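# model the structure of this input:
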Amino acid sequence: PRPAFTLALLLLTVVACKREPPPKPAPVVMRIERASVAIVTKRYVATGPRLSGTLQPQQSASILAETGGTVTSVSAAEGMSVGRGTELARIADETAADTLLSARVAVQSAQTAVAVSRRDYERTQRLATAGALPKRDIDVTRSQVASAEAQLGQARAQLATAQERAGNQRVVSSVSGIVSEKRVSTGDVVAPGTPLFTIVDLSTLQLEATVPADAIAQVNPGTSVELEVRGYPGQTFRGTVSRVAPSVDPGTGQVRVYVSMPNQGKRLVGGLFAEGTVRTIARIGLVIPIEALDESGAAPSVVRVRNGVTERVPVQLGMRSDAEGFVEILAGLAEGDTVLIGPARTITPGTRVNVS
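Reported below is the predicted structural model:
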């Protein structure tokens, strides 16, 4: 019986050796939302000093009353487009009308006096030549002609002044633009110099802003500026630096800068707040959202997803725009790479992920 027992034990040992090992557990795959990833893309990037301020019309005109009197009619209203020479209102000035009438009468009288003095001079010349009058009378009548002609010239100058004053009864626009303010109504009594209307030209707007003195070397007349205007989200407007103040404000350490911006279609109005960047450096570069960047270590890095597995990748940074929420990547990533953003950046490198 001993050999039989040994054989049975041997058979059990062989069977045990041929039993397959238990299967390995399937790897755990973490599911993350699409909102937790971003794709590395190429875009136009630029950087430079930031500035902000309120847009105002670059050109405006205040229309003043050039004569006093009662406003008899007003033909312009706020928001109305007017051209140069367009009538805005009329002012009745009875004094100007009386002065004009008197000036015309004075010119007629002076013309008559000149005609009489010339006839006297011609008659005196004939009689003096015939010996009927002394020749000295010729000089007397000649001086009388000169005096009458001088009085006529003075009367004509007074007539021109009276006509100009009477013509000021029509209040006209000195520029083309839009009526932004109307300060007068029919029946008002105004004095010379009273502000009546304000006309603005909205074809070009101006932004008055400041930049730090240490950045002034990057701001020169003609430098391009990209602006975002409140009320027009997602739209970019372009302008240029038109003027730079010649001195630094000692109290703030800022330099005043003026930006001129064409207002195509006159879409924008004065008083809107705008902010933007003076584009001193601009190029096409790879960018990622700032929220994909991890700057807690010795060097900036991101968590990239490649072949369904996360990996930490050090990156070299370029331009950065906190206002627009992007940062340029100079090295470490390629266009089309997928990176984790927000809380997903804390996923341990080497983790299998599936983007839903």
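# counting contacts, what elements does the strand or helix carrying residue 152 pack onto?
Assigned by DSSP states H and E, residue 152 belongs to helix 136-167. With contacts taken as 3 or more Cβ pairs under 8 Å, 6 or more residues apart in numbering; DSSP states H and E, helix 136-167 sits against helix 94-130. Yep, even glycine has a C-beta here, placed from its N, CA and C like the rest.
# what packs against the helix it packs on?
strand 69-74, helix 136-167.
# beyond the shortest one, next helix or strand please.
Sequence-wise, the next helix or strand beyond strand 69-74 is strand 81-82, with elements assigned using DSSP H and E.
# quick one: residues in contact with that following strand.
76, 88, 173, 176, 177, 178, 179, 199 (Cβ atoms under 8 Å, 6 or more residues apart in numbering).
# can you name the element that comes right after the helix or strand of the chain with the lowest mean pLDDT?
Of all helical and strand segments in the chain, the minimum by mean pLDDT, DSSP states H and E falls on helix 2-18, at a mean of 55. Sequence order places strand 29-32 as the next helix or strand after helix 2-18, per DSSP H and E.
# pretty sure residue 124 contacts residue 134?
No. Counting by Cβ atoms under 8 Å, residue 124 stays clear of residue 134, with 9.7 Å between them.
# looking at these two, which is more packed in?
residue 124 (22 against 12; other Cβ atoms under 10 Å).
# need the pLDDT of that one.
What the model reports for residue 124 is a pLDDT of 86.
# gap between it and residue 118?
11 Å (Cβ to Cβ, to the nearest Å).
# now do residue 104
Applying Cβ to Cβ to residue 104 and residue 118 gives a distance of 22 Å.
# hang on, the earlier thing: Throw the helices and strands packed on helix 94-130 into CSV and include mean neighbour count, distance to residue 340 and mean pLDDT, thanks.
Formatted as CSV, the helices and strands packed on helix 94-130 follow (neighbours: other Cβ atoms under 10 Å; distance: least, Cβ to Cβ, whole Å; pLDDT from 0 to 100):
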stretch, mean neighbour count, distance to residue 340, mean pLDDT
strand 69-74, 16, 66, 87
helix 136-167, 16, 76, 83
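# which among these is found nearest to residue 193?
Ranking the helices and strands packed on helix 94-130 by proximity to residue 193 (Cβ to Cβ) places strand 69-74 first, at 12.9 Å.
# ok, the closest one: who's next to it in the sheet?
Partners of strand 69-74 in the sheet, by DSSP bridges, are strand 87-92 (antiparallel), strand 189-190 (antiparallel).
# winner for burial among the ones you listed?
Ranked by mean neighbour count under mean count of other Cβ atoms under 10 Å, the strands paired with strand 69-74 are led by strand 87-92, which reaches a mean of 19.
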